[in-house]
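**Student:** return atomic coordinates for the entry below.
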Amino acid sequence: MKIITVVGARPQFVKAAVVSRALQQHSNMHELIVHTGQHYDTNMSDIFFEEMQIPKPAYNLEIKESLHGMMTGKMMMGIEQILLDEKPATVLVYGDTNSTMAAALAASKLHIPVAHVEAGLRSFNMQMPEEINRIVTDKVSNLLFCPTQTAVNNLHAEGFTQAFYNIHLTGDVMYDAAQFYFERSAPRIIEQLQLKPGAFILATIHRAENTNNIAHLAAIVTALNELHKTTEVVVPLHPRTAKLINQLDIKPAFTIIDPVGYFDMLQLLHHCVLVITDSGGLQKEAYFFKKFCVIMREQTEWKELVEHGFATIAGSDTRHILTQANEFLTGSFTGEAALYGDGKAGENIANILEKYLN
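**Tutor:** Got it, this is the predicted structure:
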């Protein structure tokens, strides 16, 4: 049975690595990877395939358009032709990117079953392109692999029923990845940057709601600058964000580094004292490594983190970011990773796929 996996952005490479490894344990399933090219520079793409030993993509569409409609349309055209040529038994997609939705739409129009990993996530903010992508993808998918009970509940609330959809609570593949790859990583990034373990804050900024709004971005830079006066703030900076920050009147005083590979990010998470981010995935990874997280958004898909006190929503307000960060810096983290399964999500997904396809 042939499975086409479509990826295009950094978090998807990590998730696909987990499931690809599990699929290799099933001799009757053959996976081909399609890379849309959505993240295309070396640190955002190639390094992940090399470090994580993900099978090299059978196809690379190299689509680098910036406009959502143009990008999605070109992806659909390229993926459709691959599906017509390869005739897979199913198409496997991850998360909530343009690559995810393009693949799901192309496959569903060809009546090829779609399996969606990270189904059911909702921020309830339709201004986010990711929210549109995940809703559309869920609607046209045949297999919905949910990382949490909250995600299952979201689908049920929207009228998804077991009679018409195959909904499965699998656990979170990112938890699998964090466990598996941290054991294979080394603290070279900590040594290279001469960071003191437990004495620096890890921050990332990349969401459109922050980078497309100069006022939001300036407020975030101001907050990180202020925190950096007492606790070093380290920011692996997305190329697009770096370009925008250079246009601000407020100059960053914190430590800026190039985007890092997954192994280095795991080490930064392990050794930091706090995480401040607008990333969805990094919120969970902070929890996996028992670090509090300040969320620089107005909502989160991972509301269980907030409900249990492991994360807080601060938006892009300078004062809120500082207040929440300082509270967490004096707090003590206690908690287990049971919120996201037992580290066998990839295995669960592969087993369900095999049963479904048979």
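**Student:** what strand or helix carries the spatially closest residue to residue 56 that is not a sequence neighbour?
**Tutor:** In this structure, residue 56 finds its nearest non-sequential neighbour in residue 49, 6.3 Å apart by CB to CB, 6 or more residues apart in numbering. Backbone N, C-alpha and C define where each C-beta goes, glycine included. In this structure, residue 49 is located in helix 46-51 according to DSSP states H and E.
**Student:** can I see the domain layout of the protein?
**Tutor:** Per automatic domain parsing, the domain ranges recorded for the chain read 2-172+341-357, 188-339.
**Student:** tell me the mean pLDDT for stretch 241-251?
**Tutor:** Averaged across stretch 241-251, pLDDT comes to 91.
**Student:** same thing with stretch 206-217?
**Tutor:** What stretch 206-217 shows for mean pLDDT is 91.
**Student:** CA atoms of it as CSV?
**Tutor:** Presented in CSV, the C-alpha positions along stretch 206-217 are these (Å, rounded to 0.1, in the frame of the first residue of the first chain):
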residue,chain,number,x,y,z
HIS,A,206,7.0,34.4,13.8
ARG,A,207,3.1,34.5,13.8
ALA,A,208,1.6,36.9,11.2
GLU,A,209,-0.5,38.5,13.9
ASN,A,210,2.7,39.8,15.4
THR,A,211,5.0,40.2,12.5
ASN,A,212,2.4,41.9,10.2
ASN,A,213,1.6,44.4,12.9
ILE,A,214,4.4,46.9,13.6
ALA,A,215,2.9,47.9,16.9
HIS,A,216,2.7,44.3,18.1
LEU,A,217,6.2,43.6,17.0
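**Student:** quick one: the strands in this structure?
**Tutor:** In the chain, the segments counted as strands under DSSP state E are 2-7, 30-35, 59-60, 90-94, 114-117, 143-146, 166-169, 200-204, 232-236, 255-257, 274-277, 293-295, 311-313.
**Student:** the first one pairs with which strands?
**Tutor:** Yep, that's strand 2-7 we're talking about. strand 30-35 (parallel), strand 90-94 (parallel) (DSSP bridges).
**Student:** if we can go back for a sec, rebuild the domains of the chain as JSON lines, extending it with distance to residue 181.
**Tutor:** Shown next, in JSON lines, are the domains of the chain (distance: least, CB to CB, whole Å):
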{"stretch": "domain 2-172+341-357", "distance to residue 181": "7"}
{"stretch": "domain 188-339", "distance to residue 181": "6"}
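**Student:** and stretch 271-287, what's buried?
**Tutor:** Within stretch 271-287, the residues scored as buried using 16 or more other CB atoms under 10 Å are 271-287.
**Student:** not counting sequence-adjacent ones, nearest residue to residue 234?
**Tutor:** Here the nearest residue to residue 234 in space, its sequence neighbours aside, is residue 255; by CB to CB, 6+ apart that works out to 4.8 Å.
**Student:** repeat for residue 136
**Tutor:** Nearest non-adjacent residue to residue 136, counting by CB to CB, 6+ apart: residue 101, 5.2 Å away.
**Student:** now do the buried residues in stretch 205-224.
**Tutor:** 205-207, 209-211, 216-224.
**Student:** out of those, who's nearest residue 265?
**Tutor:** Nearest to residue 265 among the buried residues of stretch 205-224: residue 206, at 13.2 Å, using CB to CB.
**Student:** tally of neighbours for the closest residue to that closest one other than its chain neighbours?
**Tutor:** Nearest residue to residue 206 in three dimensions, chain neighbours excluded: residue 238, at 4.2 Å (CB to CB, 6+ apart). Residue 238 has 21 neighbouring residues, counting by other CB atoms under 10 Å.
**Student:** quick one on the thing from earlier: out of the buried residues of stretch 205-224, which are inside helices?
**Tutor:** Cross-referencing those against helices under DSSP state H gives 209, 210, 211, 216, 217, 218, 219, 220, 221, 222, 223, 224.
**Student:** so can I have CSV of those residues showing distance to residue 179?
**Tutor:** Shown next, in CSV, are these (distance: CB to CB, whole Å):
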residue, distance to residue 179
209, 31
210, 30
211, 31
216, 34
217, 34
218, 38
219, 35
220, 31
221, 34
222, 36
223, 32
224, 30
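**Student:** tell me the confidence at the closest residue to residue 345 other than its chain neighbours?
**Tutor:** With sequence-adjacent residues excluded and distances taken as CB to CB, 6+ apart, residue 345 is closest to residue 171, at 3.7 Å. Residue 171 carries a pLDDT score of 97 in this model.
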